[in-house]
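# here's a sequence, model it:
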Amino acid sequence: MTPRLVTPAGAVESLRRKVHQKWAAAVCADLGAGEPVTFSVPLRPGVSTGSAVARIGHAAWHEWHVRWREFAGRHPTGVEVVRKPVSVQGVTDDYPAMLVAGLDAAVALVSESGPPPVDVGRARALASSLRSAGAVLTPATVRAACRLGADDAEVLLSAVTWLRRNPDAGAWTARQLPVPGMHTKWLDTHGALLRDVAGRDVRDEVRPRPAVLHLTYVDPDHVASGRRRHDAWTTGDTHDIAYRPRTVLVVENRDCRLWFPPVRDTIVVEGGGKAAAALLANVPWLRAADHIVYWGDIDADGYAILDRFRAALAEPAPDDAPPKPVTSILMDATDLHHYARHGVNHDTAGRPIRPSPAILPHLTEAEATAYDTVATAGPTPFRRIEQEMIPLDHAVTRLLDAAAKSRP
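Presented below is the predicted three-dimensional model:
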């Protein structure tokens, strides 16, 4: 170990890092969930003998000791400077060796030189309430719960309490759970935390919502017949689609579905975003098509949807239907540059579109290049090309090409 002397300022910064890392474990320990946590910083690692002091230099040693004497008279209650003997030039005396503090004292000390790393009072109160409600307390769950705003934290407590009183949630859908304060999409954002805190995943217990697909028949013979062009198909219902398609094109924009030009043996399906990928993958007639094609926005969300859809169809279906490949159109690096004049950096509300750190392993090389360009945290010309900005006749040409290339 290289001998070194830690100044009071350096020790406080080291203590700040330790508090940031372990405050949640300390809160859990205070409530009996885990071993006690003490925050400590060695003040002179590798310096325990006079020869080590000599290597550092007696002037530096003296200056360091003076700083710690000054610190000793002004640190908060509960912070202790542990002293241990060292023999320097034949004289043995006690010198600072370790800075030690409990959670409250450590937070008080580091807060003197910067913002507190945690609101200890709120963290303890929330953890105590969760424990009283029967929650599973771990450093990870306490840390995640404390990141919630006040309203969401209150919903979390209500949800844990409700789950303890209701061992079976199968009578409700995820958006029907009668938990006080829980809005219909709360589980979409906080379901994983509720699972970890409650010790059960209510998302697996609730009544599943049937998949409802909005679709448009674009086969020219069907269009010429005058029969219904726009339809909806619901999982488990008794009706059937008008014809079995050889090609299914999944799009995200409703206008693209409603006005897609005629293409023989094709049905255009309106996707439902990231959450719908697994539902679409389990639709029997969709899986039975010869060609499954996806077309979405050139942006981080569009590629994330494609990635999930492709991953879902790469697995066998519940009825043992085999995996199916998914081709994309108008979403590779060439398309990114070709339609760059339609690129934007702000959403419909005028907010800047944010980068995405998500790793999408199911993209092709050309798709991944385009994704990296629009999702990068660094500078980029634009972050989105909306699907509806691309002419539909271009989409028809690319769809026919994709179907032709995928024929055996």
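
# so P115 belongs to a strand, correct?
No: checked against DSSP: H, G, I helix; E, B strand; the rest coil, P115 lies outside a strand; its state is coil.

# walk me through the domains of the protein.
Listed by automatic domain parsing, the domain ranges of the chain are 8-110, 120-205, 212-405.

# what's the lengthiest helix in the chain packed up against?
Counting by DSSP state H, the longest helix found in the chain is helix 8-30. Applying 3 or more CB pairs under 8 Å, 6 or more residues apart in numbering; DSSP states H and E, we find helix 8-30 packed against strand 39-42, helix 58-72, strand 91-101, helix 103-110, helix 120-132, helix 139-147. C-betas here are computed from N, CA, C, even on glycine.

# could you dump that helix to PDB, C-alpha only?
The C-alpha trace of helix 8-30 is given here as PDB (Å, rounded to 0.1, in the frame of the first residue of the first chain):
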ATOM      1  CA  PRO A   8     -10.100  16.700   6.200                       C
ATOM      2  CA  ALA A   9     -11.500  17.900   2.900                       C
ATOM      3  CA  GLY A  10     -10.500  14.700   1.200                       C
ATOM      4  CA  ALA A  11     -12.000  12.600   4.000                       C
ATOM      5  CA  VAL A  12     -15.300  14.400   3.700                       C
ATOM      6  CA  GLU A  13     -15.500  13.800   0.000                       C
ATOM      7  CA  SER A  14     -14.600  10.100   0.500                       C
ATOM      8  CA  LEU A  15     -17.300   9.900   3.200                       C
ATOM      9  CA  ARG A  16     -19.800  11.500   0.800                       C
ATOM     10  CA  ARG A  17     -19.200   8.700  -1.800                       C
ATOM     11  CA  LYS A  18     -19.600   6.100   0.900                       C
ATOM     12  CA  VAL A  19     -22.900   7.600   2.100                       C
ATOM     13  CA  HIS A  20     -24.100   7.700  -1.500                       C
ATOM     14  CA  GLN A  21     -23.300   4.000  -1.900                       C
ATOM     15  CA  LYS A  22     -24.600   2.700   1.500                       C
ATOM     16  CA  TRP A  23     -27.200   5.000   2.900                       C
ATOM     17  CA  ALA A  24     -30.000   2.700   1.900                       C
ATOM     18  CA  ALA A  25     -28.300  -0.300   3.600                       C
ATOM     19  CA  ALA A  26     -28.000   1.900   6.700                       C
ATOM     20  CA  VAL A  27     -31.700   2.800   6.700                       C
ATOM     21  CA  CYS A  28     -32.600  -0.900   6.300                       C
ATOM     22  CA  ALA A  29     -30.300  -1.800   9.100                       C
ATOM     23  CA  ASP A  30     -31.900   0.800  11.400                       C
END
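
# work out the gap between that helix and the centre of the chain.
Computed by CA atoms, centre = their mean, to the nearest Å, the chain-centroid distance of helix 8-30 equals 25 Å.

# quick check: A288 touching T247?
No: using CB atoms under 8 Å, A288 makes no contact with T247, being 11.6 Å away.

# which residues touch L5?
By CB atoms under 8 Å, 6 or more residues apart in numbering, L5 lies in contact with L43, R44, V47, I56, A60, W61, W64.

# dump these to CSV, plus neighbour count and distance to P325.
Formatted as CSV, the contacts of L5 follow (neighbours: other CB atoms under 10 Å; distance: CB to CB, whole Å):
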residue, neighbour count, distance to P325
L43, 25, 62
R44, 23, 63
V47, 23, 65
I56, 16, 66
A60, 11, 68
W61, 20, 70
W64, 22, 67
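
# if we can go back for a sec, quick one, which of A288 and T247 is more surrounded?
T247 (23 against 14; other CB atoms under 10 Å).

# quick check: beta-bridge partners of the more buried one?
Beta-bridge partners recorded for T247 (DSSP bridges): T266, H291.

# tell me how many other residues crowd the nearest residue to H346 once chain neighbours are set aside.
Nearest non-adjacent residue to H346, counting by CB to CB, 6 or more residues apart in numbering: P352, 5.8 Å away. If you count neighbours by other CB under 10 Å, P352 ends up with 9.

# again with D335
So D335, with other CB under 10 Å, has 20 neighbours.

# what's near enough to touch it?
I298, A370, I385.

# find the nearest non-adjacent residue to the last one, please.
So the one you mean is I385. That would be I298: by CB to CB, 6+ apart, it lies 4.0 Å from I385.

# would you check that the one you found makes contact with T334?
No: with contact defined as CB under 8 Å, I298 does not count as touching T334 (11.1 Å).

# is it true that P261 touches H394?
No: counting by CB under 8 Å, P261 stays clear of H394, with 10.6 Å between them.

# so what's the residue lying farthest from the centre of the chain closest to, chain neighbours aside?
Most distant residue from the mean C-alpha position of the chain: G90, 59.8 Å away (CA atoms, centre = their mean). Using CB to CB, 6+ apart and skipping residues adjacent in sequence, the residue nearest G90 is G50, 7.9 Å away.

# could you find the closest non-adjacent residue to the most centrally placed residue in the chain?
The chain has A358 as the residue nearest its centroid, 8.3 Å off, counting by CA atoms, centre = their mean. The shortest distance from A358 to any non-neighbouring residue, by CB to CB, 6+ apart, is to A304 (6.0 Å).

# thought that neighbour was touching K274?
Yes: A304 is within contact range of K274, at 5.8 Å (criterion: CB under 8 Å).

# out of those two, which sits in the busier spot?
For A304 versus K274, the count of surrounding residues by other CB under 10 Å is larger for A304: 20 against 15.

# C28 against P139, yeah?
Yes: here C28 reaches P139: they are 5.8 Å apart, a contact under CB under 8 Å.

# confirm that the residue nearest to A358 sits in a helix.
Yes: looking at A304 with three-state DSSP, it is inside a helix.
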